[in-house]
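K.L.:
Everything below, folded, please.
(chains A and B)
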There are 2 protein chains.
Amino acid sequence: MEEFKITPWEVEGKVDYKNLIEKFGLKEIDDKLLERLKKITKDLHVLIRRKYFFAHRDLEIVLDEYEKKKGFFLYTGRGPSGPMHIGHLIPFLFTKWLQEKFKVNVYIELTDDEKFLEPKRNLTLEETKKWSYENILDIIAVGFDPERTFIFQDTEYIKNMYPLALKIAKKINFSTAKAVFGFTNETNIGLIFFPSLEIAPTFFEEKICLIPAAVDQDPFWRLQRDVAEKLGKRKSAQIHSKFLPPLTGIEGKMSASKPETAIYLSDNEKTVREKIYKHAFSGGQPTVELHRKLGGNPEIDVSFQWLKILFEEDDKKIKKIEEDYRSGKLLTGELKDMLIEKIVKFLEKHNEKRREARDLVNVFKYEGQLAKEMWKRIHQ
Amino acid sequence: MEEFKITPWEVEGKVDYKNLIEKFGLKEIDDKLLERLKKITKDLHVLIRRKYFFAHRDLEIVLDEYEKKKGFFLYTGRGPSGPMHIGHLIPFLFTKWLQEKFKVNVYIELTDDEKFLEPKRNLTLEETKKWSYENILDIIAVGFDPERTFIFQDTEYIKNMYPLALKIAKKINFSTAKAVFGFTNETNIGLIFFPSLEIAPTFFEEKICLIPAAVDQDPFWRLQRDVAEKLGKRKSAQIHSKFLPPLTGIEGKMSASKPETAIYLSDNEKTVREKIYKHAFSGGQPTVELHRKLGGNPEIDVSFQWLKILFEEDDKKIKKIEEDYRSGKLLTGELKDMLIEKIVKFLEKHNEKRREARDLVNVFKYEGQLAKEMWKRIHQ
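P.N.:
Residues are numbered from 1 along each chain as shown, chains lettered A, B, ... in the order given. Take a look at the predicted model:
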């Protein structure tokens, strides 16, 4: 338990996901649940098929409600503190897949207030607003349904959420916030209030809310479930992802302060190539001869892990890559080349869509069908 | 120091105002300052002439700025937790006089969020919104300049104030809020954030802000001055009033939970008469004979104090009343009749203006010149 630390604002050490399931009171996503999901969706997205989304709360209830035609809605978000890297995009890729399969509404919150309030980041509000715009372009590029998706920024949408946030805030005392988030006497009173605004969107509809997000956001959802009960509202369901391992090794989370640990969505081909060649932690042997003889270790090889998590969707191919790497047939350099090719293609396509996204910002924020409805509502 | 307790949410015991000046680091309003004020205003409102507004911070700077044609602005407010009584109206009467004399802008905040968040009050947000509307009618009835006065409710104006409130909140940690307001681990995270929203309007203009308010609000202003320095903004000036003594005796503050302690603005003539006859604490003697012989004590006689504070503006008349009461010439019943007559007239006039106020709510909140400007601004 001393080996790693997880809060919404800090992830350190090698995360023990099995341990987290127990510690946070989550349920593992098992094959039975995947079978049930597949009956509805026909196929399974690589991110859940390979259990990068590894745990959940009440996903069964969400599927029950869907089958009873009561429906559900999706909610996720982004803290706009800087440019997005591939790890940041993952919950959105999966959320988009869920939207496509279930034809449900998606709410995406940009917490420009939170990222301003976090003392370590030292960002101005003007900067977090600017990053909100930039990040929204990346989010739109993922391909959400513009009529069923509402993207909102806290400082812009606050008036519509404030009454609901007040009701939530009244049910959370400092003692609880301290225990859940690790707040101290030095925490500023803005950050202390902020959880009300991350919880508020879970009540945007009467239907049950399903939140696909990285597991470090779980403290918010545990608190949400407690508050929901007190307010006579619905407890949210969650589906939790792991963290994409940093290029530099499988411990911790990619970090904005160490650009060599991540591939940014704006990195060009040359940068991608350099970063992966130079920094991608290898599970291979020191020399080609030794590698051919002893083989590599895909478990700790970041290039392999990235291929497995997201970039090589073909199950047969990834299995062959794993075997060949383990046997020594496949060299680290060759593995890196495979990953580079996949990522370069991915980013090319992403950035093409990102350019088109400029014309869609107003649709997702204000003019789409769901957005228009949401601006008319003061949430209570 | 053990005898009384003052926070923005609680006043208990007989307040020692001299002691408060020292404890809060205020300055007394002395005759020299009154002379200076009178040179500008020509006359002095009874509330300051008789030193019901008894202390200040930086009022000299406000007058300096006025004389240098740099100007200033006024800010005060109301917690909309129920119907207003005469004590609640007093800061508004004085603020209106200042506006008239100095021709300056007035900002009036209705903290419907705060009154919802205060756990003891047990009010719904719908109730504090309703009371906001009712209280605004009483405030408008005081006679503010509709083009130079902006009345706003936190839940409505939050979007315009939120960026500024965040900047304030980032400069206040829990430790400080705890020390200034007496927050505990049980305080909810909404109330902990709230001071940011009471402080925000002090920065609505670049000019210096003068706040006429009861002295129990002083913790907010001490914190404001601290935060202003950190943000490179202007420290606000204040002018502090005492509390109107409850009918039932000169200790503490009138209380909504004890209706017999106060005259409500909606009380009819019969109720006013009954309350004053029955409850107004008397400084007189038990029998007429003893009273004629020993005389009464105007210091503790609430009817006399109310006449002196507000209702008998004629200095010669109040002096004669005091002498006659002290000598025994004037009986308690006669004193009460004088007060009743004054209050009944006051309320008649007030309620006539209050009825007309219904047509002015939109002007003060949205359509007046200042209001229109304020809705266009996002305060930074």
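
K.L.:
So which bits of chain A are right by chain B?
P.N.:
Counting by Cβ under 8 Å from any Cβ of the partner chain, chain A comes close to chain B at A:113, A:116-117, A:119, A:125, A:155-156, A:158-159, A:162-163, A:165-167, A:169-175, A:177-178, A:183-193, A:195-196, A:380. Placement of C-beta: from N, CA and C, glycine included.

K.L.:
Buried members of those into PyMOL, please.
P.N.:
Here is the PyMOL command that picks out the buried ones among the residues of chain A next to chain B, judged by 16 or more other Cβ atoms under 10 Å in any protein chain shown:
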select buried, chain A and resi 113+116+117+125+155+156+158+159+162+163+165+166+167+169+170+171+172+173+174+177+178+183+187+188+189+190+191+192+193+195+196
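
K.L.:
check contacts around the residue of the stretch 251-380 of chain A found nearest chain B.
P.N.:
Closest approach between the stretch 251-380 of chain A and chain B, counting by Cβ to the nearest Cβ: A:Gln380, at 7.7 Å. A:Gln380 makes contact with A:163-164, A:167, B:125, according to Cβ atoms under 8 Å, 6 or more residues apart in numbering or on different chains.

K.L.:
swap the cut-off to 10 Å and go again
P.N.:
Counting by Cβ atoms under 10 Å, 6 or more residues apart in numbering or on different chains, A:Gln380 makes contact with A:163-164, A:166-167, A:203, B:125-126.

K.L.:
A:Thr111 now?
P.N.:
With Cβ under 10 Å, 6+ apart, A:Thr111 has these contacts: A:77-81, A:117-118, A:128, A:132, A:153-155, A:194, A:197-198.

K.L.:
Of the residues you listed, which belong to strands?
P.N.:
A:77-78, A:153 (DSSP state E).

K.L.:
so which of the residues you listed comes closest to B:Lys103?
P.N.:
A:Gln153 (39.2 Å; Cβ to Cβ).

K.L.:
is it true that that closest one touches A:Ile139?
P.N.:
No - judged on Cβ atoms under 10 Å, A:Gln153 makes no contact with A:Ile139 at a distance of 11.6 Å.

K.L.:
ok, these two, which is more surrounded?
P.N.:
Using other Cβ atoms under 10 Å in any protein chain shown as the criterion, A:Gln153 and A:Ile139 rank with A:Ile139 on top: 25 against 21.

K.L.:
A strand includes that one, no?
P.N.:
No - counting by DSSP: H, G, I helix; E, B strand; the rest coil, one finds A:Ile139 to be helix, located in no strand.

K.L.:
Provide the secondary structure category for A:Ile321.
P.N.:
Here A:Ile321 is recorded as helix under three-state DSSP.

K.L.:
Could I get the contacting residues of it?
P.N.:
With contact taken as Cβ under 10 Å, 6+ apart, A:Ile321 is in contact with A:298, A:303-304, A:307-308, A:312, A:314, A:329-330, A:334-335, A:338.

K.L.:
A:Arg49 too?
P.N.:
A:34, A:37-38, A:43, A:313, A:315.

K.L.:
Over to A:Gly190?
P.N.:
A:113-114, A:116-118, B:165-173, B:192-193, B:196.
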